[in-house]
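[1] this is a predicted model, with the sequence first.
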Amino acid sequence: MSRGIFCQTTATTNEEYRKELKRKNGLLLFAMLGAAAMAAVILLVELRGIGEISDYMLGVYCGACTGISIASLVLLIRNLLLLNNEEKLKQSRIENYDERNAEIRSKAMLAAIRVMLICCMVTALVGGLYDAYLIKVMLFVTYVFLFSYLLADTYYRKKM
């Protein structure tokens, strides 16, 4: 049951994995409560007339916040069920630690990054014909990614 790009682990024992899951549960709880609070604030702003939010953006914000809250809750429950079942915990740890699965995730991530960068550049260049601000935003996203990649590459070259 490989669970996504943020699920790989270096834990070699169930106790290490249990500690890691508990830390992730804290992050999931924070994300869930934070997103729910943001949705509530957005709705409050709209209902009280404090600011103007278009109906479309109101739907985007509330939908994103609700989606993050629900996904965090589902993952939190899944992790709690794993923590209460030693056999499933071991099975999950082994699958998320497996070198083959790590290599598959690594290759999939690299392919997705390439597609994302191409889409950012195409959107920047084509979208820039219609809205000059769009090219700035998309190029900024691309530059942030490339700069963060260079920093991470330098960091891990020195660390490993």
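    Yes, it's here. Numbers count the residues shown, from 1 in each chain.

[2] can we go C-alpha only for contacts and neighbour counts from here?
    Noted.

[3] now for the top helix by length along the chain, which elements pack on it?
    The helix spanning the most residues in the chain, taking DSSP state H as the definition, is helix 14-48. On a contact count with 3 or more Cα pairs under 8 Å, 6 or more residues apart in numbering; DSSP states H and E, helix 14-48 meets helix 55-83, helix 86-97.

[4] just those: most buried one?
    Neighbour counts (mean count of other Cα atoms under 10 Å) averaged over each of the helices and strands packed on helix 14-48 peak at helix 86-97, with a mean of 19.

[5] send the alpha carbons of that helix over as PDB?
    The C-alpha coordinates for helix 86-97 follow below in PDB (Å, rounded to 0.1, in the frame of the first residue of the first chain):
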ATOM      1  CA  GLU A  86       1.500  -4.100  14.600                       C
ATOM      2  CA  GLU A  87       1.200  -6.300  11.500                       C
ATOM      3  CA  LYS A  88      -0.100  -3.500   9.200                       C
ATOM      4  CA  LEU A  89       2.500  -1.100  10.700                       C
ATOM      5  CA  LYS A  90       5.300  -3.500   9.700                       C
ATOM      6  CA  GLN A  91       3.800  -4.100   6.300                       C
ATOM      7  CA  SER A  92       3.500  -0.300   5.600                       C
ATOM      8  CA  ARG A  93       7.000   0.300   6.900                       C
ATOM      9  CA  ILE A  94       8.500  -2.300   4.700                       C
ATOM     10  CA  GLU A  95       6.600  -1.100   1.600                       C
ATOM     11  CA  ASN A  96       7.600   2.500   2.200                       C
ATOM     12  CA  TYR A  97      11.200   1.600   2.900                       C
END
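
[6] now the element after it, going C-ward?
    Heading C-terminal from helix 86-97, the first helix or strand you meet, by DSSP states H and E, is helix 99-127.

[7] now that next one: mean pLDDT?
    Average pLDDT, helix 99-127: 87.
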